[in-house]
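**Q** Requesting a structural model of the entry that follows:
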Amino acid sequence: MKLAFITPRYGGEIASGAEHACRLIAEQLSLKHDVEVLTTAARDRRTWKNEYGEGADRIRGVLVRRFAVNQPHDVNAFRQHSDRILAAPRSRAEEMEWVRRLGPSAPGLVEHLKRQHHSYDALVFFSLIHWTTVHGMAVAPERSILFPCLRLSPVLRLALWRDVASSARAIGLISGAERKLLRGYLGVPAFREELVGVGVDPSHRQAYPRHQQDPADEPAADDETAMRADEEMLEYFDTYASADGDTALVLMGVKMMKVPEEPYLRQAGMLPDRERMVAYEAADVTIAPGADDPLALCVLESFAVGTPVLASARNDAAAEHCRRAGAGLYYGNREEFVEALKALMTRSKLREQLGDAGRQYVRQYYRWDAVLGRFERLVMLIRNRL
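**A** Numbers count the residues shown, from 1 in each chain. Predicted coordinates:
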């Protein structure tokens, strides 16, 4: 099959959101199919500045075609515009203006689709709300698969989204939480959709004996918790640490805020794939505090290596994985956080039971062969019709 993946940004340094899901799926599919990525020359979604060169290149075996963005993004001006149109009834023209201001506007990408869409078996669009999807999918909706990558937001009030989503030949979902948003907020009826998800290859076919990694490769150690931080979680953890001074907290990911200097805090930063998986395996618990992470990949990666998760209840995708797998707990306030973490850190048998359930969940639903099988069923919906 020849597939085109269309996404606002693309690159190995993008480690979250729709663009990350796009890259992971594209890389796996490229091992057996002809995959191209059509994207912009922008790196930073706050500006959409053209930082990459235009034209074609290969990244991790995937052919990537980049097109220039023709207008910058002003975050403050865009927020003011959003506040204004979301506060009152709006016309379709005003909604399309919202899309134009969000961007990234890349006319060359749409022109390429107009010329070449017949050469692809399917066009796969990531992120419902961006310019690249709204204008790109209009070229050949009958060949289009949409991964909306929805998260709860006031912008879902725009009536435009129902029409765009309903025009796709098929819809792929990253999490079951998205299905609730499709029905409840967008009013898109159940049709030609598949809960595809993103796969996890935890160990490159190797085992990670818990807490026995080479210290040179392993930033975590006994009684440590790997996580992605936010201010609220750090406050909650401080309450927990005041009663338990032996537990350390390892912060993983891009530093987006000032982190207090505390003896129990360690910062690992962004880790390569293997080191990240080793860190999850070495931890007793992974804390997933983010409320805005529909991918919830850190949850699945932790499950894959047998580490239970403590997730924010505000993250529907993470909490759903914890419930379905029976492999984690979730919290809605400080007291629930402290009690849940205390239970996980003091009850080794509970951690073992949750860890075993997490491994089984990933093996059953999130092996890459299972994920790609679900994706290929979506493509068959298009190929059987054309």
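**Q** which residues of the stretch 101-250 of the chain score low on pLDDT?
**A** Across the stretch 101-250 of the chain, residues meeting the criterion (pLDDT under 70) sit at 202-229, 245.
**Q** Helices of that one, start to end?
**A** For the stretch 101-250 of the chain, applying DSSP state H, counting those that start in this stretch gives helices covering 107-116, 131-136, 160-167, 176-184, 231-243.
**Q** Please point out which parts of the helix or strand containing residue 370 sit buried.
**A** When elements are assigned from DSSP states H and E, residue 370 belongs to helix 368-383. For helix 368-383, the neighbour count (16 or more other Cβ atoms under 10 Å) marks 368, 370-372, 374-376, 378-379, 382 as buried. Where C-beta positions appear, they are placed from N, C-alpha and C, glycine not excepted.
**Q** Which member of those is positioned nearest residue 292?
**A** residue 371 (22.7 Å; Cβ to Cβ).
**Q** helix, strand or coil for the residue nearest to residue 158 when sequence neighbours are not counted?
**A** Excluding the flanking residues, the one nearest residue 158 by Cβ to Cβ, 6 or more residues apart in numbering is residue 95, at 4.9 Å. Following DSSP: H, G, I helix; E, B strand; the rest coil, residue 95 is assigned to helix.
**Q** pretty sure residue 95 is touching residue 160, no?
**A** Yes - if you go by Cβ atoms under 8 Å, residue 95 and residue 160 touch, sitting 4.3 Å apart.
**Q** check contacts around residue 18.
**A** Listed by Cβ atoms under 8 Å, 6 or more residues apart in numbering, the contact set of residue 18 reads 7-8, 126-127, 147, 149.
**Q** and with 10 Å instead?
**A** Counting by Cβ atoms under 10 Å, 6 or more residues apart in numbering, residue 18 makes contact with 7-9, 125-130, 133, 147-151, 174, 294-295.
**Q** Going through those, which ones are buried?
**A** Buried by 16+ other Cβ under 10 Å: 7-9, 125-130, 133, 147-151, 174, 294-295, out of these.
**Q** Any idea which residue is closest to the centre of the chain?
**A** residue 295 (3.0 Å; Cα atoms, centre = their mean).
**Q** what are the phi and psi values for it?
**A** In terms of degrees, to the nearest 10, the main-chain angles of residue 295 are phi -70, psi -40.
**Q** Can you tell me how far it is from residue 130?
**A** Note on residue 295: its distance to residue 130, by Cβ to Cβ, to the nearest Å, is 16 Å.
**Q** circling back to that earlier point, take the buried ones among the contacts of residue 18 and keep only those in strands.
**A** Taking DSSP state E as the definition of strands, these contribute 125-126, 147.
**Q** which one of the residues you listed is nearest residue 63?
**A** residue 126 (16.6 Å).
**Q** For that closest one, give its distance to residue 233.
**A** According to Cβ to Cβ, residue 126 and residue 233 sit 28 Å apart.
**Q** just to revisit the earlier point, so what sits against both of residue 95 and residue 160?
**A** In contact with both residue 95 and residue 160: residue 134, using Cβ under 10 Å, 6+ apart.
**Q** burial of the residue nearest to residue 195 when sequence neighbours are not counted, as a residue count?
**A** Among residues not flanking residue 195 along the chain, residue 173 sits closest, at 4.8 Å (Cβ to Cβ, 6+ apart). Residues near residue 173, counting by other Cβ atoms under 10 Å, number 22.
**Q** do the same with residue 51
**A** For residue 51, the count of nearby residues is 14 (other Cβ under 10 Å).
**Q** so what's the residue lying closest to it once chain neighbours are set aside scoring on pLDDT?
**A** Once flanking residues are discounted, residue 51 sits nearest to residue 43: 4.2 Å by Cβ to Cβ, 6+ apart. Listed pLDDT for residue 43 reads 94.
**Q** before we move on, what about residue 283?
**A** Residue 283 is given a pLDDT of 89.
**Q** hang on, it packs against residue 251?
**A** No - the criterion here is Cβ atoms under 10 Å, and residue 283 misses it with residue 251 at 11.8 Å.
**Q** Could you tell me which residues make contact with the residue of the chain positioned farthest from its centre?
**A** Of all residues in the chain, residue 243 has its C-alpha farthest from the mean position, at 34.3 Å, by Cα atoms, centre = their mean. Taking Cβ under 10 Å, 6+ apart, we find residue 243 in contact with 338, 342.
**Q** Use 49 as the first number for this chain going forward.
**A** Sure, I'll start numbering at 49, so the last one becomes residue 291.
**Q** Determine how far the helix or strand encompassing residue 350 lies from the middle of the whole chain.
**A** For residue 350, the host element (DSSP H and E) is helix 345-352. Helix 345-352 has its C-alpha centroid displaced from the chain centroid by 12 Å (Cα atoms, centre = their mean, to the nearest Å).
**Q** immediately after it, which helix or strand?
**A** For helix 345-352, the following helix or strand on the C-terminal side (DSSP H and E) is strand 357-360.
**Q** Please name the strands paired to that next one in the sheet, noting orientation.
**A** The strands beside strand 357-360 in its sheet (DSSP bridges) come out as strand 333-336 (parallel), strand 376-379 (parallel).
**Q** so how far is residue 49 from the spatially closest residue to residue 197 that is not a sequence neighbour?
**A** Spatial nearest neighbour of residue 197, excluding adjacent residues (Cβ to Cβ, 6+ apart): residue 66 at 3.7 Å. To residue 49, residue 66 is 22 Å away according to Cβ to Cβ.
**Q** again with residue 72
**A** Going from residue 72 to residue 49 by Cβ to Cβ gives 18 Å.
**Q** When these two are compared, which one has more neighbours?
**A** In this view residue 72 and residue 49 are compared by other Cβ under 10 Å, and residue 72 has more residues nearby, 18 against 15.
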